[in-house]
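Trainee: let's see this in three dimensions:
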Amino acid sequence: MPTNIEKTEKGLLVQELENGEKRTYVAVRGGISWPLVPQKLPAYFCIYGEEWREGTRFEGQEKRGRLCFLYEYEAPDTIPMLLTSFFTKIVAAATRYRCRTFYTVTEVSRGEDYREYAAQFRSFVYAKRADVHLQEAPWNEKPDLGIHRIWEWKEKALLEIPEGSLIRAQLQTLQAEELMALPETLNAVNALRFVVYGFEEYKPPKPGRENWRSRVKTGSSWLTGGGSRAAHEADTRTRDKR
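Mentor: Numbering: from 1, shown residues only. Got it, this is the predicted structure:
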């Protein structure tokens, strides 16, 4: 199992694996698939890190680092009372792997209302004083576009999908005619498309030069409301109106 990640002075994230190998990431991000009770689809999240490739990404080229698999977790059931346990797992993994941003659906998408999940998670994070933030997943209503991005990164050998992972198992069963229904059937693939598209749309900032603009883009600033007191109060007001 991958070990904890440490942050360097330049903002890079360094991880020493159990075999002694070291990996350096320019960013670590995650994807969350909320539970769907009618479909009996449990909640799931995964975390990936983009490897740092010095001298390529920031010289006007489009070369990117490989997205390395760090962690995944599927809730044991769709029972609402298990949400707290699921949130606890997210915060623990986010702390261990220094993952501040999770891409997911925070509004209404494809007829499903996910606002309360996002509100409850932000309240939980605020109570725990955790530095974890939600960002609306790009193109979340278009599963086919997300799958296209997954295969694009995979074909370039830039996406790690390890043996034994739920992600790999679900991708192996995916059929073309099932693409548009995958948010309701394949929770791991659903979360993977969120995080891959997040990396695609929001390229990590150059180490040592992170500023508030880049933090806003990745949903990790108080200006976005993620994990802040303002977000907690806004979510409370929203729930009171419904």
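Trainee: hmm, R100 and D131 touching each other?
Mentor: Yes - contact criterion C-beta atoms under 8 Å: D131 and R100 qualify, at 5.6 Å. Just so you know, the C-beta spots here come from the backbone N, C-alpha and C atoms, and that holds for glycine as well.
Trainee: what about the longest strand in this structure?
Mentor: As far as residue count goes, and with DSSP state E defining each element, the longest strand of the chain is strand 22-33.
Trainee: tell me which strands that one pairs with, and in which orientation.
Mentor: Each strand pairing with strand 22-33, determined using DSSP bridges, is listed with its direction: strand 13-16 (antiparallel), strand 44-51 (antiparallel), strand 101-104 (parallel).
Trainee: pull the last one out as PDB, backbone CA atoms only.
Mentor: In other words, strand 101-104. Coordinates of the C-alpha atoms in strand 101-104 are reproduced here as PDB (Å, rounded to 0.1, in the frame of the first residue of the first chain):
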ATOM      1  CA  THR A 101      -9.700  18.900  -3.900                       C
ATOM      2  CA  PHE A 102     -12.400  16.300  -4.800                       C
ATOM      3  CA  TYR A 103     -14.400  16.600  -8.000                       C
ATOM      4  CA  THR A 104     -18.000  15.500  -7.800                       C
END
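Trainee: could you dump the strands paired with strand 22-33 to CSV with mean neighbour count and distance to E72?
Mentor: What follows is the strands paired with strand 22-33, written out as CSV (neighbours: other C-beta atoms under 10 Å; distance: least, C-beta to C-beta, whole Å):
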stretch, mean neighbour count, distance to E72
strand 13-16, 18, 16
strand 44-51, 25, 4
strand 101-104, 26, 13
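Trainee: make JSON lines out of those strands and add distance to F194.
Mentor: Below are those laid out as JSON lines (distance: least, C-beta to C-beta, whole Å):
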{"stretch": "strand 13-16", "distance to F194": "20"}
{"stretch": "strand 44-51", "distance to F194": "9"}
{"stretch": "strand 101-104", "distance to F194": "4"}
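Trainee: let's have the ones you listed in TSV, adding distance to K203 and mean pLDDT.
Mentor: TSV is the format used below for the strands paired with strand 22-33 (distance: least, C-beta to C-beta, whole Å; pLDDT from 0 to 100):
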stretch	distance to K203	mean pLDDT
strand 13-16	16	86
strand 44-51	9	97
strand 101-104	13	98
